[in-house]
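Participant: 3D model of this:
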Amino acid sequence: MNSETQPIVLIVDDQASEREAVARIFRRENVQTLQAGSGEEALKILEKEPVAAVLTDLKMPSMSGHELLSKAKKARPNVQMIVMSGYGSIEDAVSAMQAGALDFLEKPLNIEAARARVQKALEKYELERQNEALQSQLDSAFGLENMIGRSSAMRNVYQEIRRVAPTNATVLIMGESGTGKELAARAVHNLSPRRERRFLAFNCAAVTRELVESELFGYMRGAFTGATRDKPGYFEEADGGTLLLDEIGEMTLEAQAKLLRVLEEKEIMRVGGTRPIPIDARILASTNRDLETAAAENEFREDLFHRLNVFPITMPPLRDRRDDIPLLIEHFLEKAIEEHGVAPKRMDAATVRILQARGWTGNVRQLRNTVQYLALNVDGPEIRPSDLPDAPAQLSSKGAVFQVGMRMEEIEKMAIMETLKAAGGNKSEAARILGIGLRTLYRRLEQMDGQDEDGAAALSACE
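Facilitator: Reported below is the predicted structural model:
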């Protein structure tokens, strides 16, 4: 590895003598080693140290090597895992490799084989690290830095943006309100050869139908009452750059016909003008409507739809990219603290899980506003479930619903019902928040179903 610092290899084994024996193999190899006596200790080290590779025993008490492998890959996807076992078998090796291990070693270790395989792991780690750093630099330089997310849905969006951005193709960006359609449009512009010129966004739903044409195409002095001077429109202002027609589905049919002519002939006519003006603006459009259905119902011009739909990009709703919610929360919290000058604070894991389980009909915009509200309204250093603006009274430390003397069955029912409500009926997420197994939750719900109507309602609500 071409690095100024030694790579770190973490050795995990419940036997101290075994750990030390493995560590001795690498002492003369310019490899720094750390040791952990359990899976739990190893995870704590992974949180703090830039570990490149982990050598872990499979057979350990409390947390097995398989379980550590799974948790370590979730916490640090790029860390390279090599599993060791004195009870080696083909089944062990296959199981470990399927779970994400890079390699498998049998005890007692063959020194040369161990060195070779660890070196391979370190080289793979360094290559992936360099690739991530390069991609991060590219994203930061060319405009994807404001689009937060590592989910497969967002990676597909990034790939589509990178593919179409260098071209001059018209792009139709579709998605529900609040999914970040304008961010995607800006990314297309920032990755394009037009990045040095202007990016303008025109909201078709924000102006009256009478003003759409004068705003887009501009007007000549005297064209109407109040037109005291010539004024260029958005198409002219965006010449050489990019024009986003936001919420294109709200444009009137008459304006759509004129827009189609502009797209086909590459020229505009100012309101009150007599001379066509050539324009060179790349057109992007966005909508939260199903334009194909609207065209079939004669609510949108079919020919314009096909002219805009050259390269479609669909922004996923937040409910389809829940893995990105912790990243978004962290980003929005940092931004809110910086912009408003409030005291630094963090969001605890339970609150993140509750927010991650919600439906978010307003998508990323709604999540951003919620996090900003919490940043401004929570006084302490940590944001907890009881701080949520719609936290049930049962879960609030300030609430008076819980009563001393309540039976355990009532308390349990209350916890289950409120957690299911917070998780939007998602049983798996509710079980995770409650810290119980999914089967246990089902069993509790069935017991509640047999006891009263509330239990039956809770069961039917999440089926």
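Participant: tell me the pLDDT at the nearest residue to Ser151 once chain neighbours are set aside?
Facilitator: In space, and not counting its chain neighbours, Ser151 is closest to Arg321: 4.1 Å by C-beta to C-beta, 6 or more residues apart in numbering. Backbone N, C-alpha and C define where each C-beta goes, glycine included. pLDDT recorded at Arg321 is 93.
Participant: ok, now Pro316?
Facilitator: pLDDT for Pro316: 96.
Participant: Might you calculate how far stretch 204-212 sits from the centre of the chain?
Facilitator: Taking C-alpha atoms, centre = their mean, to the nearest Å, one finds stretch 204-212 lying 33 Å from the centre of the chain it belongs to.
Participant: re the thing from before, my understanding was that the residue nearest to Ser151 contacts Met147; is that so?
Facilitator: No - assessed by C-beta atoms under 8 Å, Arg321 is found out of contact with Met147, at 11.3 Å.
Participant: got any residues that touch both of these two?
Facilitator: Applying C-beta atoms under 8 Å, 6 or more residues apart in numbering, one finds that Arg321 and Met147 are jointly contacted by Met154.
Participant: Look at these two and report which has more neighbours.
Facilitator: Residue environment comparison for Arg321 versus Met147 gives the larger neighbour count to Arg321, 22 against 18, counting by other C-beta atoms under 10 Å.
Participant: Low-confidence ranges, the stretch 351-463 of the chain, go.
Facilitator: When the per-residue scores of the stretch 351-463 of the chain are filtered using pLDDT under 70, the ranges that remain are 391-406, 424, 450-463.
Participant: those strands in it, which residues are they?
Facilitator: In chain order, the stretch 351-463 of the chain shows strands spanning 382-383, with DSSP state E, counting those that start in this stretch as the criterion.
Participant: Show me the helices in the stretch 351-463 of the chain, by range?
Facilitator: Assigned by DSSP state H, counting those that start in this stretch, the stretch 351-463 of the chain shows helices spanning 363-377, 408-422, 427-434, 438-451, 453-461.
Participant: and Ser95, which of these is closest to it?
Facilitator: The stretch from the helices of the stretch 351-463 of the chain with the least distance to Ser95 (C-beta to C-beta) is helix 438-451; that distance is 22.6 Å.
Participant: so how far is the closest one from its chain's centroid?
Facilitator: 33 Å.
Participant: those strands in the stretch 1-150 of the chain, which residues are they?
Facilitator: 8-12, 32-36, 53-57, 80-85, 103-106.
Participant: Could you say which of those strands is packed most deeply?
Facilitator: Among those, the stretch with the highest mean neighbour count (mean count of other C-beta atoms under 10 Å) is strand 53-57, at a mean of 26.
Participant: strands paired with that one, and their directions?
Facilitator: Sheet pairing here is set by DSSP bridges, and for strand 53-57 it gives strand 8-12 (parallel), strand 80-85 (parallel).
Participant: Average pLDDT for it, rounded please.
Facilitator: For strand 53-57, mean pLDDT rounds to 93.
Participant: if we can go back for a sec, please tell me how far the residue nearest to Ser151 sits from Arg289.
Facilitator: Counting by C-beta to C-beta, to the nearest Å, the separation of Arg321 from Arg289 is 21 Å.
Participant: next one: Val212
Facilitator: Using C-beta to C-beta, Val212 is found at 17 Å from Arg289.
Participant: before we move on, what about Asn131?
Facilitator: When distance is defined by C-beta to C-beta, Asn131 is 39 Å away from Arg289.
Participant: Of these two, which one has the most company?
Facilitator: Under the criterion of other C-beta under 10 Å, the comparison of Asn131 against Arg289 puts Arg289 first, with 14 against 11.
Participant: mind listing what that one touches?
Facilitator: Contacts for Arg289 (C-beta under 8 Å, 6+ apart) come out as Gly249, Phe300.
Participant: looking at the helices of the stretch 351-463 of the chain, which is closest to Asn298?
Facilitator: Checking the helices of the stretch 351-463 of the chain against Asn298 by C-beta to C-beta gives helix 363-377 as the closest, at 29.2 Å.
Participant: List the buried residues in that closest one.
Facilitator: By neighbour count, with 16 or more other C-beta atoms under 10 Å as the criterion, the buried positions of helix 363-377 are Asn363, Val364, Gln366, Leu367, Arg368, Thr370, Val371, Gln372, Leu374, Ala375.
Participant: could you dump the residues you listed to TSV with distance to Gln15?
Facilitator: Supplementary listing: the buried residues of helix 363-377 in TSV, determined by distance: C-beta to C-beta, whole Å:
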residue	distance to Gln15
Asn363	51
Val364	49
Gln366	52
Leu367	47
Arg368	50
Thr370	48
Val371	46
Gln372	51
Leu374	46
Ala375	47
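Participant: in the protein, what secondary structure element scores lowest on mean pLDDT?
Facilitator: Using mean pLDDT, DSSP states H and E, helix 453-461 stands out as the lowest-scoring helix or strand of the chain, at a mean of 48.
Participant: Can I get the helices of the stretch 351-463 of the chain in a markdown table including distance to Pro385?
Facilitator: Formatted as a markdown table, the helices of the stretch 351-463 of the chain follow (distance: least, C-beta to C-beta, whole Å):
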| stretch | distance to Pro385 |
| --- | --- |
| helix 363-377 | 11 |
| helix 408-422 | 8 |
| helix 427-434 | 9 |
| helix 438-451 | 18 |
| helix 453-461 | 19 |
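Participant: out of the ones you listed, nearest to Ala201?
Facilitator: Of the helices of the stretch 351-463 of the chain, the one closest to Ala201 (C-beta to C-beta) turns out to be helix 363-377, at 15.3 Å.
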